[in-house]
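Novice: sequence below, structure please.
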Amino acid sequence: MNNELFIEGIRISWDEIDENSYLKKIEAISSMQELSFHSPVTFFVGENGSGKSTLLEAIAIAWGFNAEGGTRNYSFSTYDSHSELCDHITLIKGPRHPKWGYFLRAESFYNVATKEEEYGRLSPRGSQYYHLKSHGESFLAMAENNLKENGLYIFDEPEAALSPQRQLTMLYEIDRSVKEGSQFIIVTHSPILLGYPECEILSFDDTLQPITYEDTDSYKITRMFLNDRERILKQLLDD
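Specialist: Residues are numbered from 1 along each chain as shown. As a prediction, the model looks like this:
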């Protein structure tokens, strides 16, 4: 196993971004000039709107992935929604180059699945026909088909369509690929995925900073609810 990272870090050229850009209003991102990665599995966590997906998307596009997802061979646009950050980010690359890669955006996977069928008609492999599977089954099929050795994988909320049991399966697939030399950068709210051993967890709440598994909201709120469900529901739902 060789886990020298394909992306060792990033730099953002803030002086090239317009002073009125909404990017400068995202506290976690705007306070950061440079970011280093230290583990083959890095998780971005934080509240909705904290900038996790904005940064992840910029990293993926800067690497050469299509903005809506897929492999680097995908080239299409259904709706142009990505920010300008990808044009002002520099990837600090490691000594190795990945043999494969995939960018998963849960919100646009339907569009990727549609394009995959079109590409499949031109490929000897044919299509995986993700649309014929349930949403969760299609996510797992994507993982089984694309998580190969020495790959770079950038995932935005891969748990979105998965049951807890299937999240464990996804965790297994991630670990299998890591042991074969792959790197993952993942946005997630899943306390199951966040439990991956020796991962790096970066919080986007307020300033961007590393935190422990036990300090993530995903863990703390899930644990609190499971340990004291009746009291929490009473406080939340009673007049």
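
Novice: so what's the residue count around K25?
Specialist: K25: 10 surrounding residues under other C-beta atoms under 10 Å. C-beta here means a position set from N, CA and C on the backbone, and glycine is covered the same way.

Novice: helices of the protein, start to end?
Specialist: 27-30, 52-63, 109-120, 135-146, 164-178, 217-227, 229-237 (DSSP state H).

Novice: do you know the pLDDT at Y119?
Specialist: At Y119, the pLDDT value in this model is 48.

Novice: then the one 10 residues further on?
Specialist: Reported pLDDT at Y129 in the predicted model: 59.

Novice: show me which helix or strand of the chain is least confident by mean pLDDT.
Specialist: Between all helices and strands in the chain, the lowest mean by mean pLDDT, DSSP states H and E belongs to helix 109-120, at a mean of 59.

Novice: is it possible to export the helices of the chain to a markdown table including distance to G46 and mean neighbour count?
Specialist: Below are these laid out as a markdown table (distance: least, C-beta to C-beta, whole Å; neighbours: other C-beta atoms under 10 Å):
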| stretch | distance to G46 | mean neighbour count |
| --- | --- | --- |
| helix 27-30 | 7 | 19 |
| helix 52-63 | 5 | 23 |
| helix 109-120 | 22 | 18 |
| helix 135-146 | 22 | 18 |
| helix 164-178 | 19 | 17 |
| helix 217-227 | 8 | 13 |
| helix 229-237 | 22 | 10 |
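
Novice: G70 is nearest to which of these?
Specialist: Closest of the helices of the chain to G70 is helix 109-120, at 4.7 Å (criterion: C-beta to C-beta).

Novice: excluding chain neighbours, what is closest to L5?
Specialist: Closest residue in space to L5, ignoring its immediate chain neighbours: G94 at 4.7 Å, by C-beta to C-beta, 6 or more residues apart in numbering.

Novice: that neighbour: neighbouring residues, count only.
Specialist: With other C-beta under 10 Å as criterion, G94 counts 16.

Novice: ok, now how distant is E57 from G69?
Specialist: Applying C-beta to C-beta, to the nearest Å, the value for E57 to G69 is 10 Å.

Novice: what do the two both touch?
Specialist: Taking C-beta atoms under 8 Å, 6 or more residues apart in numbering as the contact rule, E57 and G69 both touch R105.

Novice: which residue packs closest to I92, ignoring adjacent ones?
Specialist: G9 (4.1 Å).

Novice: pull the number of nearby residues for the one you found.
Specialist: As a burial measure, G9 scores 15 neighbours (other C-beta under 10 Å).

Novice: now T212
Specialist: 9.

Novice: kindly report the same for Y102.
Specialist: When neighbours are defined as other C-beta under 10 Å, Y102 has 23 of them.

Novice: partner residues bridging it?
Specialist: Y153 (DSSP bridges).

Novice: measure K148 to T212 for me?
Specialist: Counting by C-beta to C-beta - K148 and T212 are separated by 31 Å.

Novice: ditto for G151
Specialist: Counting by C-beta to C-beta, the gap from G151 to T212 is 27 Å.

Novice: what of L194?
Specialist: 10 Å.

Novice: please apply the same query to L23.
Specialist: According to C-beta to C-beta, L23 and T212 sit 28 Å apart.

Novice: what does R105 give?
Specialist: 27 Å.
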